[in-house]
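Novice: A predicted structure for the sequence below; I have some questions about it.
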Amino acid sequence: MLSIRGSALLGAMALLLPSAAAMAADLGAIYYEEPVATPYEIGSNWYLRGDIGYKWYAAPNASYNVNGYGDMIDESLAPTGLAGIGFGYRFNDSFRSDVTIDYEWESEFKGKLTCPNPCTGKPGKEYSKEYANIEAWSGLVNAYWDFGLGGEGIAGVIPYVGAGIGVSSLTTSKVSYTNPNGTTGTWKGATTTNLAWAVMAGVSVPITNNWLVDLNYRYMDLGDAQSGKTIPALGNKRIKYDDITASEVRVGFRYQFD
């Protein structure tokens, strides 16, 4: 009996040996692919943003629409600073949009207004010196087109262009004048609401999966401002400060939610 069982065992082993050899050959063919670099991912689609910046104004067109006065000359608005916050949504790798609110510190307006003849009696044209402070709030809905360059981490600089449209609120204060004869006076300020728009270009630099630094230039059209009422005898006409535009250099951050 033992010899019969031994023979059966040897026969079974003989049958299994080819299968084992085939399995060994298959195992030898197994290989592991090299790990593929994971693309740099930036959080989820929602984000918060904050910005600070420096702005310089183009010369506005100021006027006092009363006979004998008219348009001012030598108008200027001093450079000033700004700060803003916002939130947005990234629709895909190329397109995103956000809503921003910005505050722009007071800027001093200076100009010269014709002093109607006779003024002091001196020959030639004479001018009063006109002053005002103008501060601004603006709220914009913005859209951006990002140009991803395919880098990872902080090497993944993302250039972009964008445009925005919304409203601005311009408030004048400390409206005053100095006449050629040295007399001075003041007018009340006023607040004006306008259509506002902007175009911008910049770069975003990823720092971590959630944080990006943003550097950009923005051209902003804030609309018009005006003083309060002036002289009742002249119809309470207001001083106008039209076409208030500015160039801005801004630095900020964006935080992408997980």
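Specialist: Alright, I've got the coordinates.
Novice: Could you check how far stretch 167-179 is from the centre of its chain?
Specialist: Average the C-alpha atoms of stretch 167-179, do the same for its chain, and the two points are 25 Å apart (Cα atoms, centre = their mean, to the nearest Å).
Novice: what's it in contact with?
Specialist: Stretch 167-179 is contacted from outside by 106, 113, 115, 119, 128-139, 184-196, 222-228, 239, 241, 244, using Cβ atoms under 8 Å, 6 or more residues apart in numbering. To be clear about C-beta, it is placed using only N, CA and C from the backbone, and glycine gets the same treatment.
Novice: Is it possible to mark the buried ones in those residues?
Specialist: When burial is judged by neighbour count using 16 or more other Cβ atoms under 10 Å, the buried members of the contacts of stretch 167-179 are 106, 113, 115, 119, 128, 130, 132-139, 187, 189-190, 192, 194, 196, 222-223, 225-228, 239, 241, 244.
Novice: Give the burial count for Ala84, as a bare number.
Specialist: Just so we're on the same page, residue 84 is Gly rather than Ala. Residues within reach of Gly84, counting by other Cβ atoms under 10 Å, total 21.
Novice: Can you work out which other helices and strands pack against the helix or strand it falls within?
Specialist: Taking DSSP states H and E as the definition, one finds Gly84 inside strand 80-90. The elements that strand 80-90 packs onto, with contact taken as 3 or more Cβ pairs under 8 Å, 6 or more residues apart in numbering; DSSP states H and E, are strand 46-57, strand 95-115, strand 239-256.
Novice: Taking strand 95-115 as reference, get the angle to that strand.
Specialist: Angular relation of strand 80-90 and strand 95-115 on a 0 to 180 degree scale: 160 degrees, by axes from the mean of the first three to the mean of the last three Cα atoms, to 10 degrees.
Novice: Measure how buried the nearest residue to Asp224 once chain neighbours are set aside is and give me the count.
Specialist: In this structure, Asp224 finds its nearest non-sequential neighbour in Asp242, 4.6 Å apart by Cβ to Cβ, 6 or more residues apart in numbering. Burial of Asp242 is recorded as 13 neighbouring residues (other Cβ under 10 Å).
Novice: What of Ala246?
Specialist: Ala246 has 21 neighbours, counted by other Cβ under 10 Å.
Novice: tell me the contacts of it?
Specialist: The contact partners of Ala246, by Cβ under 8 Å, 6+ apart, come to 55-58, 77, 104, 219-220, 222.
Novice: mind running it again at 7 Å?
Specialist: Under the criterion of Cβ atoms under 7 Å, 6 or more residues apart in numbering, the neighbours of Ala246 are 55-58, 220.
Novice: Same question for Asp224.
Specialist: 192, 194, 240-242, 244.
Novice: can you rerun that using 8 Å?
Specialist: Residues 170, 192, 194, 240-244 are the ones in contact with Asp224 under the rule Cβ under 8 Å, 6+ apart.
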